[in-house]
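Colleague: model this:
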Amino acid sequence: MLGLSLMLIAVNLRPLFASLSVLLPDIIAATPLSSASAGYLTTLPVLCLGVFAPLAPRLSQQVGPERSLLFALLLLAAGTAMRGLGDLYSLFIGSALAGAAIAIGNVLLPSVVKRDFPGSPAVMTGLFTMALCGGAALAAAFTLPLAHYFGDAWAWGLGIWAIPAAIVFVLWAPQALRSSRPAAQGRRRIKGLAKDPLAWQVTFFMGLQSALAYCVLGWMAPLLRDRGLDGVDSGVIVSVSVMVQVVTCVLVPPVAVRFRDQRLINCILALTAAAALTGLLFAPLSTLWLWAVVQGIGQGGLFAMAMTVIVLRSPDSLVAAHLSGMAQGFGYVLAAVGPLLIGVLHSWTGSYASSAWVFAFLGLATAVNGWGAGRASLVKVALLPDGAMR
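Modeller: Modelled structure (predicted):
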């Protein structure tokens with residue numbers, strides 16, 4: 001039941017990004033938003049993932065991970081609903097609030113897996129990353145048809161995703177409120193994580209692969225529409241690509257943990273994801289479906305491995321929460337640069353062709369750090385009682 005609940009929470013952590021992606025050309029056409037400003041909009045929630053991620057372990061230690069996730073669901077539903085009000089101010093503010101909520105969920109899910117599923121961390125990591133990708137795929141496929149159903153109203157297409165978040169909030173509340181708060185005398189803190197080279201390799205691996213992922217979620221649909229596809233077809237191709245991620249999210253972690261380390265797997269997946277994005281830019285239109293599938297294989301496996309190495313490189317759930325906070329805090333701030341660069345370059349050049357340089361750099365950098373993060377080792381930290389002398 002806990003595993004199912006975690007998957008339902010995870011499903012709600014990605015529609016925010018995919019729903020905006022497929023509607024972005026319509027929002028630009030209906031509002032004063034420029035391509036550069038659209039880049040800021042797609043970057044804002046990703047930036048919030050980084051800014052608020054370090055706060056999640058502290059919140060969890062104060063009220064417990066279950067209550068923290070409940071608060072995140074409430075904030076997510078409120079922020080998503082605000083995006084549906086139809087004005088740019090609400091769009092930006094709602095995106096920031098929902099991004100903060102997703103940051104809490106992103107950080108705490110690996111920690112709960114490490115704590116409650118010590119015998120099968122790879123399987124559970126694969127399942128909740130599958131749910132994350134599934135939520136993105138649903139939003140990519142159904143946002144535009146829903147917007148058309150409500151009279152071509154882009155605001156409805158964005159705001160309607162508050163409903164599933166609110167439903168899961170209601171379902172999760174009994175379990176969260178029954179959970180015990182952490183005992184004050186049992187709280188511990190860790191020291192030395194920021195000085196550990198492996199922790200930084202995990203962090204850069206998470207951040208750089210996320211930059212690729214949010215280029216996909218933020219700009220793949222506009223890129224395909226720029227190549228001549230209509231909005232619905234673009235959304236379906238994005239959805240297919242993300243649905244392929246669902247499959248690889250489940251398959252890759254259990255296979256990867258059977259090897260002595262995960263270095264080669266991380267490198268192959270990074271280069272595959274970046275090469276496929278370049279294919280979507282320049283390949284013949286008749287091959288776009290193939291490139292979308294290949295991109296889904298690379299990106300889905302890459303995301304699953306980024307979450308898996310957080311669990312594998314951590315000696316316990318407390319360290320996993322802090323490593324997750326560090327990797328996603330600094331990492332998502334770094335990740336925000338990816339979609340921002342795509343928007344700025346498109347505004348300068350009027351074309352997406354220059355994005356190929358961004359994809360190439362991100363792919364190579366992700367591969368390098370994935371090699372380091374895939375080493376069979378644990379991060380080295382000191383565990384101290386909360387309030388102990390520094």
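
Colleague: Name all residues that make contact with residue 157.
Modeller: When contacts are counted by CB atoms under 8 Å, 6 or more residues apart in numbering, residue 157 is found next to 19, 22, 23, 143, 144, 146, 147, 150. Every residue, glycine included, has its C-beta placed from N, CA and C.

Colleague: could you dump the residues you listed to JSON lines with neighbour count, secondary structure and distance to residue 329?
Modeller: As requested, the contacts of residue 157 are arranged in JSON lines below (neighbours: other CB atoms under 10 Å; DSSP: H, G, I helix; E, B strand; the rest coil; distance: CB to CB, whole Å):
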{"residue": "19", "neighbour count": "29", "secondary structure": "helix", "distance to residue 329": "25"}
{"residue": "22", "neighbour count": "31", "secondary structure": "helix", "distance to residue 329": "28"}
{"residue": "23", "neighbour count": "24", "secondary structure": "helix", "distance to residue 329": "29"}
{"residue": "143", "neighbour count": "27", "secondary structure": "helix", "distance to residue 329": "29"}
{"residue": "144", "neighbour count": "25", "secondary structure": "helix", "distance to residue 329": "33"}
{"residue": "146", "neighbour count": "18", "secondary structure": "helix", "distance to residue 329": "33"}
{"residue": "147", "neighbour count": "22", "secondary structure": "helix", "distance to residue 329": "33"}
{"residue": "150", "neighbour count": "14", "secondary structure": "coil", "distance to residue 329": "37"}
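
Colleague: Max pairwise distance over the residues you listed: which two?
Modeller: When CB to CB is used, the two most widely separated members of the contacts of residue 157 are 22 and 150, lying 14.6 Å apart.

Colleague: give the contact list for the residue nearest to residue 316 when sequence neighbours are not counted.
Modeller: Using CB to CB, 6 or more residues apart in numbering and skipping the chain neighbours, the partner closest in space to residue 316 is residue 114 (7.0 Å). Taking CB under 8 Å, 6+ apart as the criterion, residue 114 is in contact with 121, 311, 314, 316, 317, 320.

Colleague: Farthest pair within those residues?
Modeller: The two members of these with the most space between them (CB to CB) are 121 and 316, at 11.7 Å.

Colleague: Just the CA trace of the helix or strand residue 48 falls within, in CSV.
Modeller: Residue 48 belongs to helix 35-52 when elements are defined using DSSP states H and E. Taking C-alpha atoms only, helix 35-52 is exported to CSV below (Å, rounded to 0.1, in the frame of the first residue of the first chain):
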residue,chain,number,x,y,z
SER,A,35,10.4,33.3,-26.7
ALA,A,36,12.9,34.5,-24.2
SER,A,37,10.2,35.1,-21.6
ALA,A,38,8.9,31.6,-22.3
GLY,A,39,12.4,30.4,-21.6
TYR,A,40,12.2,32.1,-18.2
LEU,A,41,8.7,30.5,-17.6
THR,A,42,9.9,27.0,-18.4
THR,A,43,13.0,27.5,-16.2
LEU,A,44,11.2,29.0,-13.2
PRO,A,45,9.8,25.7,-11.7
VAL,A,46,13.0,23.9,-12.5
LEU,A,47,14.9,26.6,-10.6
CYS,A,48,12.5,26.2,-7.7
LEU,A,49,13.3,22.5,-7.6
GLY,A,50,16.9,23.5,-6.8
VAL,A,51,16.1,26.3,-4.4
PHE,A,52,13.7,24.4,-2.3
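
Colleague: buried sites along that helix?
Modeller: 35, 37-52 (16 or more other CB atoms under 10 Å).

Colleague: So which residues of the stretch 51-200 of the chain form strands?
Modeller: Listed in chain order, the strands of the stretch 51-200 of the chain (DSSP state E, counting those that start in this stretch) span 188-191.

Colleague: Low-confidence stretches in it?
Modeller: Counting by pLDDT under 70, the stretch 51-200 of the chain shows low-confidence ranges at 121-122, 180-188.

Colleague: which stretches of it form helices?
Modeller: Taking DSSP state H, counting those that start in this stretch as the criterion, the stretch 51-200 of the chain contains helices spanning 55-63, 65-83, 88-116, 121-149, 154-159, 162-178, 197-226.

Colleague: ok, back up a step: okay, residue 121 and residue 316: which has more neighbours?
Modeller: Using other CB atoms under 10 Å, the more surrounded residue of residue 121 and residue 316 is residue 121, with 22 against 15.

Colleague: buried residues in the helix or strand harbouring residue 298?
Modeller: With the criterion set as DSSP H and E, the secondary-structure element containing residue 298 is helix 288-312. Along helix 288-312, the positions that meet the burial threshold by neighbour count (16+ other CB under 10 Å) are 288, 291-312.

Colleague: ok and it relative to helix 88-116, angle-wise?
Modeller: If you take axes from the mean of the first three to the mean of the last three CA atoms, to 10 degrees, helix 288-312 sits at 50 degrees to helix 88-116.
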